[in-house]
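Undergrad: Fold the stuff below for me.
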Amino acid sequence: MNATLAASVEGSNPLLNIGIFALFVIITMVIVFRASRNTKTASDYYAAGRAFTGPQNGVAIAGDYLSAASFLGIAGAIAINGYDGFLYSIGFLVAWLVALLLVAELLRNTGKFTMGDVLAFRMKQRPVRAAAATSTLAVSFFYLLAQMAGAGGLVALLLGVEGGGAQALVIAVVGIIMIAYVLIGGMKGTTWVQIIKAALLIVGALVITLWVLGKYGFNFSSLLQAAVDKAGKAGETLLGPGKQYGATGTSKLDFLSLGIALVLGTAGLPHVLMRFYTVPTARDARRSVVWAIVLIGVFYLFTLVLGYGAGALVGPDTIRKAPGGVNSAAPLLALELGGPVLLGLISAIAFATILAVVAGLTITASASFAHDVYANVVKRGKTSPDSEVKVARITAVVIGILAIGGGILANGQNVAFLVALAFAVAASANLPTILYSLFWKRFNTQGALWSIYGGLAITIVLIVFSPAVSGKSTSMFKNADFAWFPLSNPGIVSIPAAFILGWLGTVLSKEHDEKKYVEMEVRSLTGAGAEKAVVH
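TA: Residues are numbered from 1 along each chain as shown. The predicted model follows:
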């Protein structure tokens, strides 16, 4: 370990960090056990019995949305790249307006459990449900990669370890705890974990924000100047656009592609969409989103101070060389401000963030497979709620194991960037189909299949053959080069392509069910009949 690296973790108390994290796990596990007593039906397991209020669900949505990318990745991106790093915050926040205006209330009014329920409402059930489940599993897997990579980087900082084996072990532990949350508590237990985690994360970020600003007389300009001074010759580039995106025409295009994926991706994220089904009415769904926007907006303002604060007090060079790299900016800032105790608390919050988000992703993916594929494709709707929930739990274990393996492979990547890839998949494979289903009378089964499978295939192919995977020192496979697509984020190509495929597939098919569209339109706009449509 070099001198800079040793200095970055000096004062960190591994036993204290693990103790604080263990305390959080014990408390939340008790809550999950209590919640599990009321998890008896499929509705309880998938949608928490629709028993949460708008404000409660809004806090839970914020908990689901404010992931390791928000806390670790964005703070690091701002500390290293300044203005360009803050664009992640702006993209994630603006994305909520799309979700609010286009999908939140309409999806809730269908009164279902999964995205597949909505998409298959007026189409052929089996092929569309299978496609929706495939897309949900793909998005969830990419998102899980980001969270697991964040876990590996964080523990590297906390324990001062550089070896991949130790980080892999912690990623496995996170995966096992996540599986326990989902198996025991279902959506109700997971939602309470989200609420606790969101409260801890926002309060923790507020404390550090006020602490950092207090060091500079609550003068944000002084903080910015300190960050510039700490960065040396390249300091001025932190305050304007272009440090990360803008040096070449390709990087400018990459930024545009990233922005499109971030803004449009939220409305297609299955684990966020599933949250709207945990409230009893459409009014509560609207209130959920309002609460979520306020909490998320405030938090992303905090990231500006966290990022520049880490740049000013810790320094970009120290952050880059620390275990966990860019993702270590926020924990290192906590260590600089409050020593090992604050580092332990903030790191426990970061662990809680990762645990809660991966639990939400896992229950969404397992519910989609069990409800859409097993119950409605394999069993053709002739299955009992108990057997469906049993399959969902088995699926959660399988997904957890795959997430552990993928997280070990993706360890060391910037988690904000990995989440952006998940957003690109969601925006390409899910959003066109959702919008066409809700607003286009002519849309049909072939259009849905073309847009889902086409958008998914194009996105994954472009990601695999992009600089994100190979060809650069920052790529997932550093020693290989099979990249022929120049952009790290494929959104600018894959999203329009998915919309075009959805349109083309529809106009080339004669299938059309206007009565079903009218029924869906009335239900989505008014909520009439939605509760009767609840399965099981």
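
Undergrad: CA only for contacts and neighbour counts going forward, please
TA: Noted.

Undergrad: what mean pLDDT does the host helix or strand of residue 360 have?
TA: Following DSSP states H and E, one finds residue 360 within helix 329-368. For helix 329-368, the mean per-residue pLDDT is 81.

Undergrad: Going by neighbour count, list what's buried in it.
TA: Using 16 or more other Cα atoms under 10 Å as the burial criterion, the residues of helix 329-368 that qualify are 329-337, 339-368.

Undergrad: Helix or strand: which one has residue 446?
TA: Counting by DSSP H and E, residue 446 is found in helix 445-464.

Undergrad: just the CA coordinates of that helix, formatted as CSV?
TA: Provided in CSV are the C-alpha atoms of helix 445-464 (Å, rounded to 0.1, in the frame of the first residue of the first chain):
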residue,chain,number,x,y,z
THR,A,445,-48.8,-7.4,-29.8
GLN,A,446,-46.3,-7.4,-32.6
GLY,A,447,-45.4,-3.8,-32.0
ALA,A,448,-44.8,-4.6,-28.3
LEU,A,449,-42.6,-7.6,-29.0
TRP,A,450,-40.5,-5.7,-31.6
SER,A,451,-40.0,-2.7,-29.3
ILE,A,452,-39.1,-4.7,-26.2
TYR,A,453,-36.9,-7.4,-27.8
GLY,A,454,-35.5,-5.0,-30.4
GLY,A,455,-34.7,-2.3,-27.9
LEU,A,456,-33.2,-4.8,-25.5
ALA,A,457,-31.1,-6.5,-28.1
ILE,A,458,-29.8,-3.3,-29.7
THR,A,459,-28.9,-1.8,-26.3
ILE,A,460,-27.1,-4.9,-25.0
VAL,A,461,-25.1,-5.4,-28.3
LEU,A,462,-24.0,-1.8,-28.3
ILE,A,463,-23.0,-1.9,-24.6
VAL,A,464,-21.0,-5.1,-25.2
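
Undergrad: Tell me the helix or strand right after it.
TA: Next along from helix 445-464, by DSSP H and E: helix 491-507.

Undergrad: quick one: contacts for residue 376?
TA: Residues in contact with residue 376 (Cα atoms under 8 Å, 6 or more residues apart in numbering) are 125-126, 129, 382.

Undergrad: Look at it and tell me its secondary structure.
TA: Following DSSP: H, G, I helix; E, B strand; the rest coil, the label given to residue 376 is helix.

Undergrad: can you check the one 5 residues further on too?
TA: Here residue 381 takes the coil state, with states given by three-state DSSP.

Undergrad: Same check on residue 520?
TA: helix.

Undergrad: isn't residue 119 right next to residue 433, touching?
TA: Yes - proximity of residue 119 to residue 433 meets the contact threshold set by Cα atoms under 8 Å, at 7.3 Å.

Undergrad: list residues touching both of these two?
TA: residue 448.

Undergrad: ok, which stretches of the stretch 201-350 of the chain are helices?
TA: 220-231, 249-265, 270-273, 282-313, 316-321, 329-368 (DSSP state H, counting those that start in this stretch).

Undergrad: Report the angle between the second one and helix 491-507.
TA: Spelled out, that is helix 249-265. Between helix 249-265 and helix 491-507, the angle comes out at 50 degrees (axes from the mean of the first three to the mean of the last three Cα atoms, to 10 degrees).

Undergrad: if we look at helix 249-265, which residues are touching it?
TA: With Cα under 8 Å, 6+ apart, helix 249-265 has contacts from 88, 91-92, 94-96, 98, 244-246, 420-428, 431, 486-493, 495.

Undergrad: do the same with the shortest one
TA: Here helix 270-273 makes contact (Cα under 8 Å, 6+ apart) with 61, 64-65, 104, 107, 114-115, 136, 139-140, 266-267, 360-361, 364-365, 426.

Undergrad: now do stretch 473-492
TA: By Cα under 8 Å, 6+ apart, stretch 473-492 touches 250-251, 253-254, 256-258, 260-261, 409-410, 413, 420-421, 424-425, 427-428, 459, 462-472.

Undergrad: Which of the residues you listed are buried, as a ChimeraX select command?
TA: Of those, the buried ones go into a single ChimeraX selection, burial set by 16+ other Cα under 10 Å:
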select :251,253,254,256,257,258,260,261,409,410,413,420,421,424,425,427,428,459,462,463,464,465,466,467,468,469,470,471,472
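
Undergrad: what number of residues lie near the nearest residue to residue 464 once chain neighbours are set aside?
TA: Closest residue to residue 464 apart from its sequence neighbours, by Cα to Cα, 6 or more residues apart in numbering: residue 483 at 7.7 Å. For residue 483, the neighbour count with other Cα atoms under 10 Å is 19.

Undergrad: which stretch of helix or strand covers residue 515?
TA: Using DSSP H and E, the element containing residue 515 is helix 514-526.

Undergrad: model confidence over that helix, on average?
TA: Mean predicted lDDT for helix 514-526 stands at 75.

Undergrad: Would you mark the buried spots in it?
TA: 517, 520-525.

Undergrad: Can you dump the C-alpha atoms of it in CSV for me?
TA: The C-alpha coordinates for helix 514-526 follow below in CSV (Å, rounded to 0.1, in the frame of the first residue of the first chain):
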residue,chain,number,x,y,z
GLU,A,514,-60.2,-1.1,-30.0
LYS,A,515,-62.6,-2.2,-27.2
LYS,A,516,-59.7,-3.3,-25.0
TYR,A,517,-57.9,0.0,-25.6
VAL,A,518,-61.0,2.0,-24.6
GLU,A,519,-61.4,-0.1,-21.4
MET,A,520,-57.7,0.5,-20.6
GLU,A,521,-57.9,4.2,-21.3
VAL,A,522,-60.9,4.6,-19.0
ARG,A,523,-59.3,2.6,-16.3
SER,A,524,-55.9,4.3,-16.6
LEU,A,525,-57.4,7.8,-16.5
THR,A,526,-60.0,7.3,-13.9
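
Undergrad: rewinding a little: can you put the helices of the stretch 201-350 of the chain in a markdown table and add distance to residue 400?
TA: Output for the helices of the stretch 201-350 of the chain, formatted as a markdown table (distance: least, Cα to Cα, whole Å):
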| stretch | distance to residue 400 |
| --- | --- |
| helix 220-231 | 40 |
| helix 249-265 | 23 |
| helix 270-273 | 15 |
| helix 282-313 | 27 |
| helix 316-321 | 30 |
| helix 329-368 | 7 |
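
Undergrad: closest to residue 179 out of those helices?
TA: helix 329-368 (7.0 Å; Cα to Cα).

Undergrad: quick one: the closest one to helix 282-313, angle?
TA: 150 degrees.

Undergrad: Distance from helix 329-368 to the middle of the chain?
TA: 13 Å (Cα atoms, centre = their mean, to the nearest Å).

Undergrad: Distance from the chain centre to the next helix or strand after that helix, please.
TA: Following helix 329-368 in sequence order, the next helix or strand is helix 385-410 (DSSP H and E). Remark: helix 385-410 is offset 17 Å from the chain centroid, using Cα atoms, centre = their mean.

Undergrad: Make 39 the starting number, not 1.
TA: Will do, 39 is the new start, and the previous item becomes helix 423-448.

Undergrad: List the buried residues of helix 423-448.
TA: Neighbour-count burial for helix 423-448 [16+ other Cα under 10 Å]: 423, 426-427, 429-431, 433-435, 437-439, 441-448.

Undergrad: which residues touch residue 322?
TA: Taking Cα under 8 Å, 6+ apart as the test, what residue 322 contacts is 91-93.

Undergrad: Among those residues, find me the one that's closest to residue 222.
TA: Nearest to residue 222 among those, with distances taken as Cα to Cα, is residue 91, at 22.2 Å.

Undergrad: Surely the closest one and residue 317 touch.
TA: Yes - Residue 91 is within contact range of residue 317, at 6.0 Å (criterion: Cα under 8 Å).

Undergrad: What distance do you get for residue 230 to residue 404?
TA: Between residue 230 and residue 404 the computed distance is 19 Å (Cα to Cα, to the nearest Å).

Undergrad: brain fart, residue 532
TA: 26 Å.

Undergrad: same check, this time on residue 146
TA: In terms of Cα to Cα, residue 146 sits 20 Å off from residue 404.
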